[in-house]
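Chemist: sequence unknown, structure follows:
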């Protein structure tokens, strides 16, 4: 699909492209998805960083497919149900007594 026209690109956080090599398989993180028009059809194609530019995954003869890899760091780093540690580290705003201070007033600007 290298002769196709990229119509749109979008982020692909958490997705990887799978490639074969002589010893098995390796993955490369996607830098985005591209909506590509070729001939009379369109396709969504993953984009990976090449040596000097961004390339479409399906142009590599060793391309096997895509996989979603959840963000393990996000799941293990912070547990929303256990926020007592954050209160200990940063203090609890409710314990400071009194309401929070008001934001400074800004003059309004009319756009039309």
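Modeler: Thanks, I have the structure now. Computed from a predicted structure; not experimentally measured.

Chemist: just confirm residue 58 is within a strand.
Modeler: No - counting by DSSP: H, G, I helix; E, B strand; the rest coil, residue 58 is not part of a strand but helix.

Chemist: which helix or strand in this structure has the lowest average pLDDT?
Modeler: helix 72-77 (a mean of 49; mean pLDDT, DSSP states H and E).

Chemist: which residue comes closest to residue 29 once chain neighbours are left out?
Modeler: If the residues on either side of it in the chain are set aside, residue 29 comes closest to residue 16, at 5.4 Å by C-beta to C-beta, 6 or more residues apart in numbering. Yep, even glycine has a C-beta here, placed from its N, CA and C like the rest.

Chemist: show me what counts as buried in the host helix or strand of the one you found.
Modeler: For residue 16, the host element (DSSP states H and E) is strand 15-21. Going by neighbour count (16 or more other C-beta atoms under 10 Å), the buried part of strand 15-21 is 15, 16, 17, 19.

Chemist: show me what the top strand by length along the chain is packed against.
Modeler: For the chain, the longest strand by residue count, based on DSSP state E, is strand 41-49. Using 3 or more C-beta pairs under 8 Å, 6 or more residues apart in numbering; DSSP states H and E as the contact test, the elements touching strand 41-49 are strand 15-21, strand 24-29, strand 32-38, strand 54-56.

Chemist: list the buried residues of that strand.
Modeler: Those buried within strand 41-49 under the rule 16+ other C-beta under 10 Å are 45, 46, 47, 48.

Chemist: tell me where the chain is predicted with low confidence.
Modeler: 1-2, 71-112 (pLDDT under 70).

Chemist: distance check, residue 22 against residue 31.
Modeler: As judged by C-beta to C-beta, to the nearest Å, residue 22 and residue 31 stand 25 Å apart.

Chemist: more crowded one of these two?
Modeler: residue 31 (19 against 5; other C-beta atoms under 10 Å).

Chemist: my read: that one touches residue 56, true?
Modeler: No - if you go by C-beta atoms under 8 Å, residue 31 and residue 56 don't touch, sitting 11.0 Å apart.

Chemist: need the overlap of contacts for these two.
Modeler: Residues touching both residue 31 and residue 56 (C-beta atoms under 8 Å, 6 or more residues apart in numbering) are residue 47.
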